[in-house]
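Asks: For reference, the sequence and a predicted model appear below.
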Amino acid sequence: MPLFQYHVLDSQGKRKKGLIEAQNDREAKDKLRDMGFMVVKVEIKTRVNSRQSLKGERLLSFTLQLSQLVGAGVPLYESLMAIEGQCRQEPHHRIVLSLCEQIKAGASLSQAMSTYPDSFNKLYCSMITAGEAVGSLDVVLEKLWNLLSRQMKLRSEAITAMVYPGILAAFSFLIIIMLLGFVVPSIEGIFSERKLNGFTRTVLAVSHFFRDYWWLYVPLIIGGVGYIIYKIRTPQGRLWIERTSLKIPLLRTLVIQTSVARFCRTMGTLQQGGLPFIESLRISREVMRNVVIEEEIKKAESRIIEGSSLGVELSRTKWFPPMVSQMLAVGEESGSSISMFNRIADMYEQDVEKTLARLMALSQPAILIFMGGIIGTVLLAILLPLTDVSSLAV
């Protein structure tokens, strides 16, 4: 049953709050009154922890199962109950059960899903609303599954591209720690009674600082990383990152390609689902995940309402490639905008794969060169005094 969050007054007039299970808000109020409370407010609990949310593979599987059941002619409530029966041991079972109870109480699927915004975002709910309006819920669910699977593919490719360089960077950092913390100190005694060159003294001084003042720089590093993570999660920090990412050459290309692919794929899917153009435009710009490029779409949106076309407005923007506006203009003139959106998305998704491969190919030698430079510096600092000793012996 759905969870309801309540605010009540007890017999002594003290305010209390908590959670209660009920079929609907009326039943929740009746239960609270039977317990002797005066009800102040009762509302459905829409927030669940991230572990219980329908996200990623779980949302993809749920969408596919619901699409197949509804497409096979199974009524919506029975389709949801069938899915609920399969996921009783899963963390997201409560959400599926809540959808079943709300549908049984007379709510529409889009209304039920809108109570869980962490699982079903605005795009998902809008598509379901459009499918319910035209009576093609199974078709809309299938298109949603295609959209979600493509988004997950892009995300997984980006993560995969970062795994190897990340492991390589971590290994390089570990090697540097071992050199400065263990290797250099273990051989320092060889040079204790000799006059060393400035280069070797500098490396030994860095090693001493690394070992002797860890209590100073370790908390500073941890605090600095924590502060950076905190700032990144703020709106100002995200805005700074999104703006900065458009100033770094290769990263700028990746951000633009990813944003264009998301925008066009979402626009094509929403238009196929039957949503009005302006509403599709507003939802699509929210999935681009770069506020700078989103602002360009927002400006274009106001001019489109006044009678302009999307192809013309995108040709005036700074960040959209000229080819995108040209292809959309052709699609608008020929009445094939939906297929053109999907074609552009296909093209830029392929470009994203190529750019990720290029980034991975460039990052690996960069990390190896950096690691080799550090190791070479330490080895050179050790070998120079040994060379001096051998020459004196001769």
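Replies: Everything's here; your move.
Asks: Remind me what the helix or strand hosting residue 186 packs against, helices and strands.
Replies: Element membership for residue 186 (DSSP states H and E) is helix 184-187. When contacts are defined as 3 or more C-beta pairs under 8 Å, 6 or more residues apart in numbering; DSSP states H and E, helix 184-187 sits against helix 198-212, helix 337-393. Glycine gets a C-beta too; all of them are placed from N, C-alpha and C.
Asks: Out of the ones you listed, which is closest to residue 77?
Replies: helix 337-393 (31.8 Å; C-beta to C-beta).
Asks: Can you list the helices and strands that the closest one packs against?
Replies: Using 3+ C-beta pairs under 8 Å, 6+ apart, helix 337-393 is in contact with helix 137-178, helix 184-187, helix 198-212, helix 249-273, helix 322-334.
Asks: Among the ones you listed, pick out the one with the most neighbours on average.
Replies: Mean neighbours per residue, mean count of other C-beta atoms under 10 Å, is largest over the helices and strands packed on helix 337-393 for helix 249-273, with a mean of 21.
Asks: ok, back up a step: and the helix holding residue 186, how far from the chain's centre?
Replies: 45 Å (C-alpha atoms, centre = their mean, to the nearest Å).
Asks: Residues touching that helix, excluding its own?
Replies: Applying C-beta atoms under 8 Å, 6 or more residues apart in numbering, the contact partners of helix 184-187 are 203-204, 207, 211, 378, 382.
Asks: Can you check which of the helices and strands packed on helix 184-187 gets nearest to residue 179?
Replies: Comparing the helices and strands packed on helix 184-187 by their distance to residue 179 (C-beta to C-beta), the top pick is helix 337-393, with 5.0 Å.
Asks: low-scoring stretches of the chain, by residue?
Replies: Residue ranges of the chain with pLDDT under 70: 1-3, 18-24, 44-50, 388-394.
Asks: Which residue lies nearest the spatial centre of it?
Replies: Taking C-alpha atoms, centre = their mean as the criterion, residue 155 is the residue nearest the geometric centre of the chain, at 7.8 Å.
Asks: Would you mind measuring from that one to residue 165?
Replies: 17 Å (C-beta to C-beta, to the nearest Å).
Asks: Check residue 192 too.
Replies: In terms of C-beta to C-beta, residue 192 sits 40 Å off from residue 165.
Asks: Same question for residue 65.
Replies: Distance from residue 65 to residue 165, by C-beta to C-beta: 37 Å.
Asks: Ok, residue 178 next?
Replies: Going from residue 178 to residue 165 by C-beta to C-beta gives 20 Å.
Asks: Buried residues, stretch 75-95. List them.
Replies: 76, 79-81, 83-84, 87, 90, 92-95 (16 or more other C-beta atoms under 10 Å).
Asks: Span of stretch 184-195 from start to end?
Replies: 17 Å (C-alpha to C-alpha, to the nearest Å).
Asks: which residues does residue 251 contact?
Replies: By C-beta under 8 Å, 6+ apart, the contact list for residue 251 reads 245, 359.
Asks: And this protein, what are its domain boundaries?
Replies: Domain assignment for the chain by automatic domain parsing gives 3-44, 57-149, 152-394.
Asks: Take the ones you listed and write them to TSV, including distance to residue 51.
Replies: Compiled in TSV, the domains of the chain are given as follows (distance: least, C-beta to C-beta, whole Å):
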stretch	distance to residue 51
domain 3-44	15
domain 57-149	5
domain 152-394	19
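Asks: now the strands for the stretch 1-150 of the chain?
Replies: Assigned by DSSP state E, counting those that start in this stretch, the stretch 1-150 of the chain shows strands spanning 3-9, 15-21, 38-44.
Asks: between the first one and strand 38-44, how big is the angle?
Replies: It refers to strand 3-9. 160 degrees (axes from the mean of the first three to the mean of the last three C-alpha atoms, to 10 degrees).
Asks: buried ones in strand 3-9?
Replies: 3-6, 8.
Asks: which strands and helices sit next to that strand?
Replies: The helices and strands touching strand 3-9, judged by 3+ C-beta pairs under 8 Å, 6+ apart, are strand 15-21, helix 25-34, strand 38-44.
Asks: can you tell me how far residue 231 sits from residue 248?
Replies: Taking C-beta to C-beta as the measure, residue 231 and residue 248 are separated by 19 Å.
Asks: same check, this time on residue 43
Replies: Distance from residue 43 to residue 248, by C-beta to C-beta: 45 Å.
Asks: Repeat that for residue 42.
Replies: 50 Å.
Asks: same check, this time on residue 343
Replies: Residue 343 is 29 Å from residue 248, by C-beta to C-beta.
Asks: Between those two, tell me which one has more neighbours.
Replies: residue 343 (15 against 11; other C-beta atoms under 10 Å).
Asks: List the contacts of the closest residue in space to that one that isn't next to it in sequence.
Replies: Nearest residue to residue 343 in three dimensions, chain neighbours excluded: residue 327, at 7.2 Å (C-beta to C-beta, 6 or more residues apart in numbering). Contact analysis of residue 327 by C-beta under 8 Å, 6+ apart lists 311, 340, 343-344.
Asks: Please name the residues that touch the closest residue to residue 255 other than its chain neighbours.
Replies: Nearest in space to residue 255, with sequence neighbours left out and distances taken as C-beta to C-beta, 6+ apart, is residue 245 at 5.0 Å. Going by C-beta under 8 Å, 6+ apart, residue 245 touches 251-252, 255, 290.
Asks: and the gap between residue 245 and residue 254?
Replies: Taking C-beta to C-beta, one finds residue 245 at 8 Å from residue 254.
Asks: Can you tell me how far residue 264 is from residue 100?
Replies: Counting by C-beta to C-beta, the gap from residue 264 to residue 100 is 35 Å.
Asks: scratch that, residue 13 is what I was asking about
Replies: 38 Å.
Asks: Which one's more surrounded, those two?
Replies: residue 100 (22 against 7).
Asks: How about that one, nearest residue that isn't a chain neighbour?
Replies: residue 80 (4.7 Å).
Asks: From residue 98, how far out is that neighbour?
Replies: Note on residue 80: its distance to residue 98, by C-beta to C-beta, is 10 Å.
Asks: Repeat that for residue 119.
Replies: According to C-beta to C-beta, residue 119 and residue 98 sit 10 Å apart.
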